[in-house]
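Colleague: Sequence first, predicted coordinates after that:
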Amino acid sequence: MSQHECRTRFVWADSSSMAWGKLLLAESDDSDISRMFGPHAFSRCEEAEAAGSGPWPGTTLYRVTRSSVLASASTPAPHGTDYAFVSSTPAWNRRWSRIDFDAHRNGGHNRLSAFPDAAEAIQRARWATEEDRSRYEGIVFRAYLLTWSVQAVEQSQP
């Protein structure tokens, strides 16, 4: 896994929260769910525009940009952005399933899976990795800094 990953996807939805949820479902570990929602998350704006809006997909096209970087004790919390420090296994969708979009935007953190600073996430990762089941199965948790932006790109006319 690289130190820094960034992904941008385009999703038709009726709200920023719905766009976030559809994207998480599109990237789900469950193949049935990802097969159902995957075709509604696009890598390019042009692809999403060509697919078009509708009653189910939604009337607003959102650009969802997500960035993930391994966190260390010296990783500062960003200012003026939506972020969370999380403790997770390395899989991209596992990291992002730790975030409750509505609760965590604008710096909200639940302190169970998302934290305001690196120290808590590092401590939680260390604790989770030392659990008997994790050690037995070779699971390694790490601390990540996640940042995101969800912006409306265009709205279709009814």
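Modeller: Everything's here; your move. Residues are numbered from 1 along each chain as shown.
Colleague: just the strands in the chain please.
Modeller: With DSSP state E as the criterion, the chain has strands at 4-13, 41-42, 60-70, 82-88, 114-115, 142-155.
Colleague: gap between the residue most central in space within the chain and residue 3?
Modeller: Centroid-nearest residue in the chain, with C-alpha atoms, centre = their mean: residue 96, separated by 3.3 Å. Note on residue 96: its distance to residue 3, by C-beta to C-beta, to the nearest Å, is 17 Å. Every C-beta, even on glycine, is put in place using the N, C-alpha and C of the backbone.
Colleague: try residue 113
Modeller: With distances taken as C-beta to C-beta, residue 113 is found 22 Å from residue 3.
Colleague: Any idea which helix or strand in the chain has the lowest mean pLDDT?
Modeller: Here the helix or strand of the chain ranked lowest by mean pLDDT, DSSP states H and E is helix 101-104, holding a mean of 62.
Colleague: just to revisit the earlier point, so residue 113 and residue 3 - more neighbours on which side?
Modeller: A direct count of neighbours by other C-beta atoms under 10 Å for residue 113 and residue 3 places residue 113 higher, at 17 against 7.
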